[in-house]
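Engineer: Build me a model:
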Amino acid sequence: MVIEIDTYAASEKTDASASMAAAIDGFLAKHADSSMFLRSNLARSGLVNGDQPFQGAYAVARNDNGEIRGVAAQYWSGLIVLQVPSHDPELDAAKLARAAMEAGGRPVRGFAGPRAQVVSARAALGMDGRQTRLDSDERMYAVDLADLQVPDPLKRGVVTCRQPLESELNLLIEWRVAYAIDQLGAEDTPALRRQAKEEILRFTSDNHNWVLLCEDKPVAYAAFNAVTADMVQIGGVWTPPLLRSNGFARYCVAGALQAAHENGKRRAVLFTGRSNWPALRAYVSLGFREVGDYSLVLFAD
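Structural biologist: Below is the predicted model of the structure:
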């Protein structure tokens with residue numbers, strides 16, 4: 001079967017690009033759990049390739065019947081994100097990653113996607129030897145929000161979960177910096193602090209982040225790092241070290257997902273390290289079940 005790859009890197013949205021974006025999303029929806037970054041960014045920015053958050057260049061593979069069989073994108077951040085299921089022998093993640101990179105025209109800062117696809121693309125692009133600050137092999141979990149198991153302290157109001165107040169944003173920026181250093185291998189630099197501020201302000205403006213309160217004090221944080229019409233992806237979960245082992249992260253995730261369900265979302269996904277047993281146990285207790293794997297690679301340079 002012949003596979004052809006087309007690229008899309010428009011400077012602005014058009015009717016034609018909107019139609020193509022809808023077709024791409026239709027393919028990605030068949031692999032929804034592991035396509036949240038692609039679908040969320042596509043919904044926000046379409047096929048526009050620019051330097052603003054969520055914009056990027058897309059490479060799309062079709063078979064000789066015109067069916068979409070794989071998608072890769074390189075985003076404004078330099079990250080290449082993959083969804084290339086191994087249905088066709090002549091198609092691999094590396095071909096699409098290279099096409100997205102060439103269309104995007106940016107240095108590659110990392111990869112994200114199902115683990116095997118990330119490994120294949122990175123090796124084929126000759127980037128196995130590049131030093132990383134993060135090279136994760138993670139478990140992906142999902143829950144239908146109708147089946148969410150809400151912890152008793154949240155039900156009884158011992159703790160409460162809500163969206164942050166303006167007066168709490170400086171604290172959340174500090175937490176975001178700490179999260180990036182602890183979980184993503186980042187260094188505490190002015191650039192990281194600018195990025196953390198931009199991310200917290202964006203999450204807050206979009207109503208995509210949540211803070212847990214215990215005795216009226218913020219004790220944990222969670223965000224939706226990707227959102228579609230009916231799904232959310234949890235990310236950036238953080239509890240300060242001195243407040244851990246109290247269940248606060250679990251309660252915060254549950255509270256955020258309760259609100260998502262009330263707002264019409266039907267499903268949530270997340271990914272976390274294979275050896276992060278406290279987090280894995282917490283998510284399973286909320287009703288999450290393993291649905292696959294995921295990998296995030298971030299280069300040190």
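Engineer: going forward, measure contacts between C-alpha atoms and count neighbours the same way
Structural biologist: Noted.
Engineer: And the chain, what are its domain boundaries?
Structural biologist: Using automatic domain parsing, the domain parsing of the chain gives 3-130, 141-292.
Engineer: for Leu96, what are its contacts?
Structural biologist: By CA atoms under 8 Å, 6 or more residues apart in numbering, the residues touching Leu96 are 5, 59-61, 70-72.
Engineer: Tell me the secondary structure at Asn170.
Structural biologist: Judged by DSSP: H, G, I helix; E, B strand; the rest coil, the three-state class of Asn170 is helix.
Engineer: From Arg176, how far off is it?
Structural biologist: Taking CA to CA, to the nearest Å as the measure, Asn170 falls 10 Å from Arg176.
Engineer: Now do the helices in the chain.
Structural biologist: With DSSP state H as the criterion, the chain has helices at 15-28, 36-45, 93-104, 115-124, 152-156, 169-184, 190-205, 248-262, 277-285.
Engineer: tilt between the first one and helix 36-45?
Structural biologist: Same thing as helix 15-28. Angle, helix 15-28 to helix 36-45, by axes from the mean of the first three to the mean of the last three CA atoms, to 10 degrees: 160 degrees.
Engineer: Quick check: buried residues in helix 15-28?
Structural biologist: Buried positions in helix 15-28, judged by neighbour count with 16 or more other CA atoms under 10 Å: 17-18, 21, 24-25, 27-28.
Engineer: from those residues, which is closest to Leu184?
Structural biologist: Nearest to Leu184, judged by CA to CA, of these is Leu28 at 26.2 Å.
Engineer: and the gap between the closest one and Ala22?
Structural biologist: Distance, Leu28 to Ala22, using CA to CA: 10 Å.
Engineer: that older thread, tabulate the helices of the chain in JSON lines, adding columns for distance to Tyr141 and mean pLDDT.
Structural biologist: Output for these, formatted as JSON lines (distance: least, CA to CA, whole Å; pLDDT from 0 to 100):
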{"stretch": "helix 15-28", "distance to Tyr141": "18", "mean pLDDT": "91"}
{"stretch": "helix 36-45", "distance to Tyr141": "13", "mean pLDDT": "97"}
{"stretch": "helix 93-104", "distance to Tyr141": "23", "mean pLDDT": "94"}
{"stretch": "helix 115-124", "distance to Tyr141": "14", "mean pLDDT": "94"}
{"stretch": "helix 152-156", "distance to Tyr141": "22", "mean pLDDT": "97"}
{"stretch": "helix 169-184", "distance to Tyr141": "18", "mean pLDDT": "97"}
{"stretch": "helix 190-205", "distance to Tyr141": "22", "mean pLDDT": "97"}
{"stretch": "helix 248-262", "distance to Tyr141": "13", "mean pLDDT": "98"}
{"stretch": "helix 277-285", "distance to Tyr141": "8", "mean pLDDT": "93"}
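Engineer: any chance of those helices in TSV, plus distance to Asp293?
Structural biologist: Below are those laid out as TSV (distance: least, CA to CA, whole Å):
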stretch	distance to Asp293
helix 15-28	16
helix 36-45	13
helix 93-104	16
helix 115-124	6
helix 152-156	30
helix 169-184	18
helix 190-205	25
helix 248-262	20
helix 277-285	13
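Engineer: and Gly66, which of those is closest to it?
Structural biologist: Checked against CA to CA, the stretch from the helices of the chain lying closest is helix 15-28, at 11.1 Å.
Engineer: The residue lying closest to Glu12 once chain neighbours are set aside: neighbour count?
Structural biologist: Excluding the flanking residues, the one nearest Glu12 by CA to CA, 6 or more residues apart in numbering is Val48, at 5.4 Å. Neighbour count of Val48, defined by other CA atoms under 10 Å: 23.
Engineer: tell me the contacts of Val48?
Structural biologist: Applying CA under 8 Å, 6+ apart, one finds that Val48 lies in contact with 8-13, 55-57.
Engineer: just to revisit the earlier point, could you point out which of the buried residues of helix 15-28 is nearest to Trp76?
Structural biologist: Ranked by distance to Trp76 (CA to CA), the buried residues of helix 15-28 are led by Ala21 at 17.4 Å.
Engineer: what residues are up against the residue nearest to the closest one when sequence neighbours are not counted?
Structural biologist: The shortest distance from Ala21 to any non-neighbouring residue, by CA to CA, 6+ apart, is to Gly46 (6.1 Å). Neighbouring residues of Gly46 by CA under 8 Å, 6+ apart: 13, 17-18, 21, 55.
Engineer: which one of those sits closest to Pro107?
Structural biologist: Nearest to Pro107, judged by CA to CA, of the contacts of Gly46 is Gln55 at 15.0 Å.
Engineer: Surely the closest one touches Arg39?
Structural biologist: No: using CA atoms under 8 Å, Gln55 is not in contact with Arg39; the gap is 11.9 Å.
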